[in-house]
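[1] I'll drop the sequence and a predicted model, then ask my questions.
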Amino acid sequence: MSTTPVIEVENLNVRYGDFHAVKDLSFQVRPGELYALLGTNGAGKTSSLEVIEGHRAAASGTVRVFGRSPGDRAAVRPRMGIMLQESGFSPDLTVRESVHLIGTLTRRQDDVDRVLGVSGLTHKAGTTVSQLSGGEKRRLDFATAVYGGPELVILDEPTTGLDIQSRDALWGAVDRLREEGSTIVLTTHYLEEAQERADRIGLMHQGRFHREGTVVELTQTLPSVISFALPPGAPTPPVEATRTNGAFHVETFNLQDDLRHLLGWAHDAGVDLRELQAGPTRLDDVFRAITSS
Ligand SMILES: Nc1ncnc2c1ncn2[C@@H]1O[C@H](COP(=O)(O)OP(=O)(O)OP(=O)(O)O)[C@@H](O)[C@H]1O
């Protein structure tokens, strides 16, 4: 597999009049990876994606997709599937007609029935767009992005408004695309989806990258937490802990050793550790840390 980046962004700036929405953003997306661009509302994710998609001009900086300018639509567009946050389908067309039309525009080859199947829309093939629910419209957006199995798929908040079964089905379809070698760029506010699936993550806030790395690289910057309660009259545990509402909280960069130590003490002292929980840092915590700093 080629190691040339699928997307290269260098010092990208996006402005809306006087407002500086994206500030000197630089990152690369490698072939076959799932890269998640995460951030606060208004951080500049969609603005950045719009430049990558060729829908918006940069104020300055360089963006390359498959080594080309996104403005080179004839070369880039057939290789890229895009699921926008909101797309404008004609309300009078049926689902089948919409998928067929968009499929023709992509210039990729596919079978409309296959695409309806992977998008969970087979039973709605004859329904007009105006009669679809919000979640079904989202599935139609997804269908247009994956038509023809493009090499690069950009998913802008793909699971917003989808029920849990539709989410699972969508991620199943994304997994299959990845098995076939597609590169995925994702934005989402469901951080657990990124935590579970992303190879690398860029965390944006107010137009800038605050962190970039794998989930492990991002989460190991913060301590893990052990929390528990003790029965009345129990001795003081041999750990440095804060107490809220009777519960002990231990922050640690050495989860295994500290947990082993605590469990050993509880065993020796015959103490029951109630409501014991121990877990690594979640992406939510990293996110809160950067947005509150
Ligand atoms: N057409 C526009 N004109 C003026 N300002 C805009 C325009 N589009 C976006 N902005 C502003 O640029 C900033 C970045 O918006 P953008 O949509 O890129 O953020 P985002 O990270 O995708 O946010 P969200 O998570 O809320 O979708 C926001 O402050 C937004 O208000």
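    Great, that's in hand. Numbers count the residues shown, from 1 in each chain.
[2] In the record's domain split, what are the boundaries for this protein?
    Using automatic domain parsing, the domains assigned to the chain come out as 7-218, 220-281.
[3] of these, which approaches the ligand most closely?
    domain 7-218 (3.2 Å; CB to the nearest ligand atom). For the C-beta atoms, the positions are set from N, CA and C on the backbone; glycine is no exception.
[4] tell me the mean pLDDT over that closest one?
    Regarding domain 7-218, the rounded mean pLDDT is 93.
[5] That one near the ligand anywhere?
    Yes: Domain 7-218 is in contact with the ligand by CB under 6 Å from any ligand atom, via Tyr16, Phe19, Ala21, Gly39, Asn41, Gly42, Ala43, Gly44, Lys45, Thr46, Ser47.
[6] Helices along the stretch 51-200 of the chain, start to end?
    73-76, 95-106, 112-118, 134-146, 164-179, 191-197 (DSSP state H, counting those that start in this stretch).
[7] With respect to burial, which of the ones you listed scores highest?
    Of all those, helix 134-146 has the most neighbours on average by mean count of other CB atoms under 10 Å, namely a mean of 22.
[8] Identify the residues contacting that one?
    81-84, 87, 89, 95, 98-99, 102-103, 106, 115-116, 118-121, 124, 129, 132, 153-155, 158-163, 166, 170, 173, 177 (CB atoms under 8 Å, 6 or more residues apart in numbering).
[9] which residues are in contact with stretch 165-178?
    32, 34, 118-120, 135, 138-139, 142, 146, 149, 153, 155, 158-159, 162, 184, 193, 197.
[10] quick one on the thing from earlier: can you tell which of the domains of the chain is closest to Thr291?
    Evaluated with CB to CB, those place domain 7-218 nearest to Thr291, the distance being 5.6 Å.
[11] measure that closest one end to end?
    22 Å (CA to CA, to the nearest Å).
[12] Show only the entries of the residues of domain 7-218 next to the ligand found in helices.
    Residues from these lying in helices, with DSSP state H as the criterion: Lys45, Thr46, Ser47.
[13] OK, contacts around Ser227?
    So Ser227 contacts Ala247, Phe248, His249, Val250, Glu275, Leu276, Gln277, Ala278 (CB under 8 Å, 6+ apart).
[14] The fourth one: which element?
    Using DSSP states H and E, the element containing Val250 is strand 247-252.
[15] going on from that strand, what's the next piece of helix or strand?
    Using DSSP H and E, the first helix or strand after strand 247-252 is helix 255-269.
[16] just to revisit the earlier point, out of the ones in helices among the residues of domain 7-218 next to the ligand, which is most surrounded?
    Among these, Lys45 has the most neighbours (other CB atoms under 10 Å), with 26 neighbours.
[17] what's near enough to touch that one?
    Taking CB under 8 Å, 6+ apart as the test, what Lys45 contacts is Leu37, Leu38, Gly39, Asp156, Thr187, Met204.
[18] farthest pair in those residues?
    Asp156 and Met204, at 13.4 Å, using CB to CB across the contacts of Lys45.
[19] how near is the residue lying closest to Ser130 once chain neighbours are set aside to Thr127?
    The shortest distance from Ser130 to any non-neighbouring residue, by CB to CB, 6 or more residues apart in numbering, is to Pro91 (3.7 Å). To Thr127, Pro91 is 11 Å away according to CB to CB, to the nearest Å.
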